[in-house]
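> Give me a model of this one.
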Amino acid sequence: TPGAATASVMATTFAELGMGPVLGPYLGFINVDDAFLSSGYVILLPAGKVVLELLETIDSGAATVNRCRELKEIGYQLALDDYDGRRADLAPLLALADIVKVDIRLVPEGQLRPLVRQLRRAGEAWNTPMSALQVRFGGYTDRAFADILAEQVTPGIDVVFGDEAHLFKAKSLVSILEKMSDVKYRVGTTGTLDGSKVNKLVLEGLFGPIYKVTTTKELMDANKVATLKIKCLILKYDQTTRQFMKGKKYQDEMDFLVGHPGRNKFIRNLSLSCEGNTLVLFQYVKKHGEVLYEMIKAKAPGRKVFFIYGGTDTEVRESARTLTEKENDAIIVASYGVFSTGVNIPSIENVIFASPTKSKIRNLQSIGRGLRLKDGKTHCKLFDVADDISWKSKSNHTLRHLKERVKIYAEEKFDFKLMEIELEQ
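Predicted structure coming up:
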């Protein structure tokens with residue numbers, strides 16, 4: 001049961017490691033169900049260091065309410081998870097809650113305003129303003145939600161946190177922040193900014209001055225992430241190809257490169273030659289990702305080869321992640337969009353940029369996939385595959401994009417080398 005699983009993890013983690021190394025100065029949120037609440041494990045947790053997060057499926061009977069009241073009396077904080085206002089029987093637990101978590105995606109259409117009013121009334125009834133009650137909203141946001149925030153939520157909110165703040169150039173998110181003019185504190189966090197002056201000004205207008213806490217290089221020097229070594233592999237094409245591609249538009253050049261048999265063969269051989277788990281990143285699913293996957297799989301009998309893109313089921317992605325963690329020579333062929341963020345596979349030791357990109361954010365976030373530490377892993381190699389099909393003094397589009405990436409590598413003080421390779425035609 002969830003209670004048994006929680007109890008087992010809690011007992012093992014905190015007994016062996018101690019509370020300090022696990023949580024540091026932060027509060028730990030622990031999901032609990034009826035079985036865990038009624039067990040003796042819960043009082044092993046120090047009240048000042050954890051929040052007991054009541055699952056949305058929690059029983060609301062007298063035994064649960066009394067147990068929660070007992071825990072509150074001895075100093076524990078309680079949170080209601082995924083509260084949507086539809087369960088009237090949760091009112092006694094809502095009265096005891098210190099924190100209420102609301103996932104916008106779970107609230108029925110048209111019910112967000114009534115839910116906000118309900119929480120505000122509840123806070124007033126218990127002499128607890130909604131800001132102190134810590135109602136936490138998460139999930140998809142749009143312009144309609146921005147209006148609701150302005151009308152119903154903002155007057156009771158003191159602090160707004162914007163995670164992945166570089167995305168707040170989107171109109172819906174800008175609208176939300178602009179309507180929160182009375183919120184006293186705004187904090188935006190991100191690991192990457194795109195470097196454009198316009199985006200910087202937008203973020204400073206929404207959150208305030210930008211403060212750089214640390215850099216990837218500093219984290220490497222402190223052994224907090226893997227040490228990165230970059231090889232920029234510049235594929236050189238013959239004169240006939242260069243003349244043929246002269247003056248081509250960007251998309252024509254991209255279509256030519258991702259469909260080039262010699263180039264794809266080079267990427268296949270590169271991925272097969274890498275030692276350790278390898279991530280091959282592509283941009284186009286049908287005309288490049290699937291082609292690379294089939295080529296690599298055909299030459300890698302006995303090795304785990306995975307293909308992941310936006311249409312891949314979550315369960316399949318998780319299975320690939322789990323299996324890769326158990327391997328030492330797996331290959332994941334994945335789209336930039338899926339693997340540039342939110343995927344944690346510490347065992348990745350090689351990253352190959354198979355498709356050219358000029359996005360600074362995508363570039364740095366993709367690099368981050370290989371920097372997670374794991375026992376026995378200290379380094380990560382990045383192979384940035386670029387293409388020189390310039391004609392005379394005029395550089396081709398994607399070669400100019402490489403120059404932009406090299407500027408990023410230099411700014412970040414990464415260890416990188418440029419290597420020219422004559423491509424087999």
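> tell me the contacts of residue 296?
268, 271-272, 280, 305, 331, 333 (CB atoms under 8 Å, 6 or more residues apart in numbering). Yep, even glycine has a C-beta here, placed from its N, CA and C like the rest.
> how about a cut-off of 7 Å?
268, 271-272, 305, 331, 333 (CB atoms under 7 Å, 6 or more residues apart in numbering).
> where in the stretch 301-425 of the chain is pLDDT low?
Scanning the stretch 301-425 of the chain for pLDDT under 70 picks out 339-343.
> The residue of the chain most remote from its centre: which element?
Distance from the centre of the chain peaks at residue 240, with 43.4 Å (CA atoms, centre = their mean). Residue 240 is located in helix 239-245, with elements delineated by DSSP states H and E.
> chain center to that helix: distance?
Helix 239-245 sits 41 Å away from the centroid of its parent chain (CA atoms, centre = their mean, to the nearest Å).
> How about residues contacting it?
Defining contact as CB under 7 Å, 6+ apart, one finds that helix 239-245 is touched by 253, 256, 389-391, 396, 425.
> Tell me where the stretch 1-150 of the chain has helices.
2-17, 19-23, 34-38, 62-73, 91-96, 112-125, 130-133, 143-148 (DSSP state H, counting those that start in this stretch).
> Assumed residue 382 was part of a strand.
Yes - under DSSP: H, G, I helix; E, B strand; the rest coil, residue 382 falls within a strand.
> So what's the gap between stretch 228-247 and the chain middle?
Using CA atoms, centre = their mean, the offset of stretch 228-247 from its chain centre is 33 Å.
> could you pull out the helices for the stretch 201-350 of the chain?
Using DSSP H, counting those that start in this stretch, the helices of the stretch 201-350 of the chain run over residues 216-221, 239-245, 250-258, 261-273, 290-298, 314-326, 336-339.
> Which one of those helices lies nearest to residue 376?
helix 314-326 (12.3 Å; CB to CB).
> which residues touch that closest one?
Residues contacting helix 314-326 (CB under 7 Å, 6+ apart): 277, 304, 306, 308, 330, 332, 343, 345, 347.
> Give the buried residues for it.
Across helix 314-326, burial judged by 16 or more other CB atoms under 10 Å covers 317, 320-321, 324.
> same deal with stretch 77-96?
Under 16+ other CB under 10 Å, the buried positions of stretch 77-96 are 77-85, 90, 93-94, 96.
> can you check stretch 41-48 too?
By neighbour count on 16+ other CB under 10 Å, the buried set for stretch 41-48 is 41-42, 45.
> ok, so of those residues, who is nearest residue 64?
Using CB to CB, these come closest to residue 64 at residue 42, 12.4 Å.
> Tell me how many other residues crowd the closest residue to the closest one other than its chain neighbours.
Among residues not flanking residue 42 along the chain, residue 36 sits closest, at 6.4 Å (CB to CB, 6 or more residues apart in numbering). Neighbour count for residue 36, taken as other CB atoms under 10 Å: 22.
> which stretches of the stretch 101-250 of the chain form strands?
135-138, 159-163, 185-189, 227-236 (DSSP state E, counting those that start in this stretch).
> can I get those strands in a markdown table with mean pLDDT, mean neighbour count and distance to residue 56?
Below are those laid out as a markdown table (pLDDT from 0 to 100; neighbours: other CB atoms under 10 Å; distance: least, CB to CB, whole Å):
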| stretch | mean pLDDT | mean neighbour count | distance to residue 56 |
| --- | --- | --- | --- |
| strand 135-138 | 50 | 17 | 14 |
| strand 159-163 | 80 | 15 | 22 |
| strand 185-189 | 86 | 14 | 27 |
| strand 227-236 | 96 | 18 | 41 |
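> Adding distance to residue 369, write the ones you listed out as a markdown table.
As requested, the strands of the stretch 101-250 of the chain are exported to a markdown table (distance: least, CB to CB, whole Å):
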| stretch | distance to residue 369 |
| --- | --- |
| strand 135-138 | 24 |
| strand 159-163 | 18 |
| strand 185-189 | 19 |
| strand 227-236 | 11 |
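> Determine which two of the buried residues of helix 314-326 are furthest apart.
Maximum pairwise distance in these, criterion CB to CB, is 10.7 Å, between 317 and 324.
> Just to check, residue 274 is in contact with residue 350?
Yes - using CB atoms under 7 Å, residue 274 is in contact with residue 350, at 4.2 Å.
> quick one: which of those two has more around it?
Using other CB under 10 Å, the more surrounded residue of residue 274 and residue 350 is residue 350, with 21 against 18.
> residues in contact with that one?
274, 276, 278-279, 381.
> Likewise for residue 416?
Residue 416 touches 230, 232, 406, 409, counting by CB under 7 Å, 6+ apart.
> how close does the third one get to residue 356?
Counting by CB to CB, to the nearest Å, the gap from residue 406 to residue 356 is 13 Å.
> Those two: which is more packed in?
residue 356 (23 against 17).
> In space, what's closest to residue 268 - neighbours in sequence excluded?
Nearest to residue 268 is residue 295, by CB to CB, 6+ apart, at 4.5 Å.
> Thought residue 264 was touching the one you found, still the case?
Yes - assessed by CB under 7 Å, residue 295 is found in contact with residue 264 at 6.1 Å.
> before we move on, back to that, which one of the strands of the stretch 101-250 of the chain lies closest to residue 73?
strand 135-138 (23.4 Å).
> where are the low-confidence patches of the stretch 101-250 of the chain?
Along the stretch 101-250 of the chain, the model assigns pLDDT under 70 to residues 104-105, 109, 122-157, 172, 195, 197-198.
> go again using 80 as the cut-off
102-159, 163-164, 166-183, 191-200 (pLDDT under 80).
> Roughly how far does residue 323 sit from residue 353?
23 Å.
> Ok, residue 187 next?
Counting by CB to CB, the gap from residue 187 to residue 353 is 32 Å.
> So the nearest residue to residue 424 once chain neighbours are set aside versus residue 300, what's the distance?
In space, not counting the residues next to it along the chain, residue 424 is nearest to residue 262; the distance is 4.9 Å by CB to CB, 6+ apart. Distance of residue 262 to residue 300, given as CB to CB: 19 Å.
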